[in-house]
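Enquirer: here is my input, please return the structure:
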Amino acid sequence: MAALSINPVGTDDEGTHIVRSMTIRAEPHQILDAWCDANVQQRVLEGAAELVSGDGQASRWKLHAPLHQDVQVTLRRADARLGESVRYDAEGEHGLQLTIVLQVHPARGREASEATLSLHYAVEGMLAQVLTKLVNPAPYVLAGKGLRRLRAWLEAGEVPTLLHTPAARASTHAHP
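Expert: So this is what the prediction gives:
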């Protein structure tokens, strides 16, 4: 019998739902601690969003949307379960409602953890919904990129960059 495929992106009357999973060589609590750290969040979201103010508990972000549009978003940690999951809720311009849940559990038979990132977002207004449909792949790609960058941070101590040489990276210049 063939394995059932799971559609990682779904849309219904409530909005768009995205689920991405990845194995990360770290303990669940390390993954959640990093995910909730505003400094790590900035590195993981670099290029897609900028931290305006706040910390890992509550913050304001400027999201870079397609077509050179920026969207202001207020993010707050809504729920955290030690070593299991954390949920953030966000509200933004154009009626944007966003829920982000990161769940982690030890990987079976491996020194790693399975991390599952779930996003649910909705926007109000017909024009905003049409634009959302036009850029629908972008949030799915960003969710995967966010998990890959988080994994890189935890496993290698740095987030991948588009700069060609390590000497050109800002983090290299920060060390004495």
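Enquirer: what number of residues lie near Val141?
Expert: 12 (other CB atoms under 10 Å). Quick note: C-beta positions are derived from backbone N, CA and C, even for glycine.
Enquirer: gap between it and Val159?
Expert: 16 Å (CB to CB, to the nearest Å).
Enquirer: just the helices in this structure please.
Expert: Listed in chain order, the helices of the chain (DSSP state H) span 28-35, 38-44, 126-134, 137-156, 170-173.
Enquirer: kindly state the beta-bridge partners for Ser53.
Expert: Arg60 (DSSP bridges).
Enquirer: you'd agree it is up against Gln72?
Expert: No: when contacts are counted by CB atoms under 8 Å, Ser53 is not listed as touching Gln72 (11.0 Å).
Enquirer: who has more neighbours, these two?
Expert: Neighbour totals were compared for Ser53 and Gln72, and Gln72 leads with 14 against 10 (other CB under 10 Å).
Enquirer: so who does the more buried one touch?
Expert: Gln72 sits next to 52, 60-63, 92-93 when contact means CB atoms under 8 Å, 6 or more residues apart in numbering.
Enquirer: cool, Thr74 as well?
Expert: Thr74 touches 58-61, 90-92, counting by CB under 8 Å, 6+ apart.
Enquirer: also Glu50?
Expert: Taking CB under 8 Å, 6+ apart as the test, what Glu50 contacts is 42, 61-62, 64.
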